[in-house]
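J.: got a sequence here, can you build the structure:
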Amino acid sequence: MTTKVKTKLGVLVGAKRKTQNGFEYDDFLNIPYAKPPVGYLRFKRIPRGSEDCLYINVSTPKIPTAGLLIHLLPVMVFIHGGGFFFGNGLAKFENGPDYLVEHNVVVVTMNYRLSALGFLTLDIPEATGNMGLKDQALALKWVQENIADFGGNKDDVTIFGIGAGAASVEYHIISPSSTGLFHKAIMQSGSVLNPWAFETSNKIKDLALKLVRQLGYQGPQNDSRGIYEHLMNTPAEHIVAATYQIQKLLTAKGLYYGFVPTIEQNFGYETAFLTEIPYELLSSGLFNKVPILRGFTDSEGFIISGLKPQDIEEITMFQNYVDFWRFPFNATADAYYYNERLRNVYNSYNGNDTERPAIDFFGDFEFVSGVIISSKLLVKNAVPVHLYKFSYDGTLNLIKAASRVNKKGAGHADDTAYTIQIEPLRNLTESDVTVRDRISTMWTNFAKFS
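T.: Numbering: from 1, shown residues only. Coordinates of the predicted model:
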C-alpha cells in the first residue's frame, strides 16, 4: 500500500510497512538530497539539486495531517560503516529501521561517496578531500530543511553510526561545518582517533598517484592538475575497479583503506570540513558539544578474520604486534621492547590460546583505544559521555557468522545488529529478542531524553 507526503520538493510517494510486531510506519526510499557527483563535480562539495542524486531513506511512524498541529518526533540519522571504503546506507536488508521506528522516532539513512570518489585529495580547489563527509553534512542540512514534513523535529536530531559511521559522527562533532545540524550523538565502535580513520594528505596524494598510474597516467608525479584531469576523463567504474586493485597491493597491515578523511586546505570560496589534526581539535575543546552515547564490543578483534592470510599468521602465530603499529619507533630495539611488553600483557590472561591474545590486541589497537582516548578528551572538555561495553554473545553475531569464528564474545558491529535490522540474521532466540528490545529502547531513549 502506498502513502504520500507533501514536501518542498513536491509530493513524494512511499510505502506503508509493518514490523514483525505489527507496528505500522511509512517508508520513503531513495529521496535525492544532492546533484549527482559526476562531471566537474566528481571530487567537489556537491550543491543541492533535484536529479540523479545522492539519496536518503526516511522511515516515520506519523505523517503530519494538513492543517493539524502534531507533536514532532525525535529524529535518528544513521551513518553506515565500512572503513570509508564500502557499505550501503540505503539497502533495506542491511539497515532496516524496524527496531527503532517502533519506539516512535523518525529514522533516516543515507549514502555518501566512498573510497577514492569520496576521500581522494590533490590539495587543489577541484579535489580538496573529505567529499564523503561533506555529503553527510549536506544530508544533515536536508534533514534540517525537510524532516518536519515527515513528522520529525529538526531541533531534536541524533546522529549515530557504526565503525567508519561512528568515526564520521565524531568528525561532525569536531567540524565547524556541521554546527547546528544535530543535537546528540551515538558512536558504536569507532572514533576519529582510530588508526584507520585518518591519514595525512601527502599519503593520500601518494595513493592517488598509484591509482592514476593504474589507470594509465604517464605524466609527472607532482602534477596535481594533470592527475586531476586524467581522473576526470576516466569513467567512475574504472576508478572504483582500480581502487580495489591497488587496495590488494597496499603493504600496511591491519585495517587500512587508504582513501579516508584528512586535513584539507581552505581555498576561501568554501569552508573546509577539517583543517586540523583530530586529536588537537578534541584536546582544544573547540568543537560541537552535544550529549554522547558510545562504546565498543568485548571482542572487536574478531574482525581479524578479514585480514590477509599472511597477516593473520603474523599476528597469531608469531605475535609480531608492532608490525601492525602505524607509528614510528626510534630503533629496532624500541620495537622489540614494545612488542615484548605487548606479548606479556596479552598472554598474561589468555593461557595457551594463541588466537585470543591476537584478537584482543587487534580489537584494542584498531577500535577500543581510540574510543577511550577520545572519550577522555571529550569529558575533559565538559561533554557528557555515556560509555558502554557490549558483551552479549547471541545469534546476531555478523562477523562470527561470516568468518565462522568459534569463540565466545561479541564481535565488531554486533551491538548494531540489535538496533538496525539485518535481514540475514532474523532467527532470534528469546534472549536475543530481550536484548534487542533493551538496546533499541536505550538508544531511542537517549535520542528522546538526553
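J.: show me the strands in the stretch 1-150 of the chain, by range?
T.: Secondary structure of the stretch 1-150 of the chain (DSSP state E, counting those that start in this stretch): strands located at 2-7, 10-18, 24-32, 55-60, 73-79, 106-110.
J.: quick one, helices of the stretch 351-450 of the chain?
T.: Residue ranges of the helices in the stretch 351-450 of the chain, as given by DSSP state H, counting those that start in this stretch, are 355-363, 369-380, 398-403, 430-449.
J.: deepest of those, which one?
T.: Among these, helix 355-363 has the highest mean neighbour count (mean count of other Cβ atoms under 10 Å), at a mean of 22. The C-beta positions use only the backbone N, C-alpha and C, and glycine is treated the same way.
J.: how big is the angle separating it from helix 369-380?
T.: Interaxial angle, helix 355-363 versus helix 369-380 (axes from the mean of the first three to the mean of the last three Cα atoms, to 10 degrees): 40 degrees.
J.: who touches helix 355-363?
T.: With contacts defined as Cβ atoms under 8 Å, 6 or more residues apart in numbering, helix 355-363 is touched by 254, 296-297, 299-304, 315-316, 319, 321, 324, 342-343, 346-347, 350, 407, 412.
J.: go again using 6 Å as the cut-off
T.: Applying Cβ atoms under 6 Å, 6 or more residues apart in numbering, the external contacts of helix 355-363 come out as 300-301, 304, 315-316, 321, 346-347, 350.
J.: stretch 79-93 now?
T.: 55, 57, 95, 109-111, 114-115, 119, 161-165, 168, 257, 260, 423.
J.: parallel or antiparallel, list what pairs with the helix or strand that contains Ala185.
T.: Element membership of Ala185 [criterion: DSSP states H and E] is strand 184-188. Strand pairing for strand 184-188, determined by DSSP bridges: strand 152-162 (parallel), strand 292-297 (parallel).
J.: after that strand, which helix or strand is next?
T.: Per DSSP H and E, the first helix or strand lying C-terminal to strand 184-188 is helix 201-214.
J.: next, the buried residues of that next one.
T.: 201, 204-205, 207-214 (16 or more other Cβ atoms under 10 Å).
J.: now, which of those sits nearest Lys376?
T.: Nearest to Lys376 out of the buried residues of helix 201-214 is Ser201 (Cβ to Cβ; 27.1 Å).
J.: isn't the closest one up against Gln265?
T.: No: in this structure, Ser201 is not within contact of Gln265 by Cβ atoms under 6 Å, at 8.1 Å.
J.: just put the strands paired with strand 184-188 in TSV and tack on distance to Ser440, mean neighbour count and mean pLDDT.
T.: Output for the strands paired with strand 184-188, formatted as TSV (distance: least, Cβ to Cβ, whole Å; neighbours: other Cβ atoms under 10 Å; pLDDT from 0 to 100):
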stretch	distance to Ser440	mean neighbour count	mean pLDDT
strand 152-162	12	23	98
strand 292-297	13	24	98
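J.: between these, which one is nearest to Thr275?
T.: The nearest among those, by Cβ to Cβ, is strand 152-162 at 21.1 Å.
J.: give me the contact list for stretch 385-392.
T.: With Cβ under 6 Å, 6+ apart as the test, stretch 385-392 has contacts from 292-293, 295, 297-298, 375, 378-379, 410, 415, 435.
J.: is it correct that Met131 is in contact with Arg113?
T.: Yes: using Cβ under 6 Å, Met131 makes contact with Arg113 at a distance of 5.1 Å.
J.: out of the two, which sits in the busier spot?
T.: Per other Cβ atoms under 10 Å, whichever of Met131 and Arg113 has more neighbours is Met131, with 27 against 23.
J.: now do the contacts for the more buried one.
T.: Applying Cβ under 6 Å, 6+ apart, we find Met131 in contact with 113, 118.
J.: returning to that earlier point: average pLDDT across the strand holding Ala185?
T.: In this model, strand 184-188 has a mean pLDDT of 99.
J.: kindly export it (C-alpha atoms) in PDB.
T.: Extracted C-alpha coordinates of strand 184-188, given in PDB (Å, rounded to 0.1, in the frame of the first residue of the first chain):
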ATOM      1  CA  LYS A 184      23.100  14.300  20.200                       C
ATOM      2  CA  ALA A 185      25.500  11.600  19.000                       C
ATOM      3  CA  ILE A 186      25.800   7.800  19.300                       C
ATOM      4  CA  MET A 187      29.100   6.200  18.300                       C
ATOM      5  CA  GLN A 188      29.400   2.400  18.100                       C
END
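J.: can I get the strands of the stretch 1-150 of the chain in CSV with mean pLDDT, mean neighbour count and distance to Met442?
T.: Shown next, in CSV, are these (pLDDT from 0 to 100; neighbours: other Cβ atoms under 10 Å; distance: least, Cβ to Cβ, whole Å):
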stretch, mean pLDDT, mean neighbour count, distance to Met442
strand 2-7, 92, 14, 29
strand 10-18, 94, 13, 24
strand 24-32, 94, 18, 20
strand 55-60, 96, 24, 19
strand 73-79, 98, 27, 13
strand 106-110, 97, 27, 16
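J.: I'd like to know which of these is closest to Ser175.
T.: Ser175 sits nearest to strand 73-79 of all the strands of the stretch 1-150 of the chain, at 13.5 Å, using Cβ to Cβ.
J.: strands paired with that closest one, and their directions?
T.: Counting by DSSP bridges, strand 73-79 is paired with strand 106-110 (parallel), strand 152-162 (parallel).
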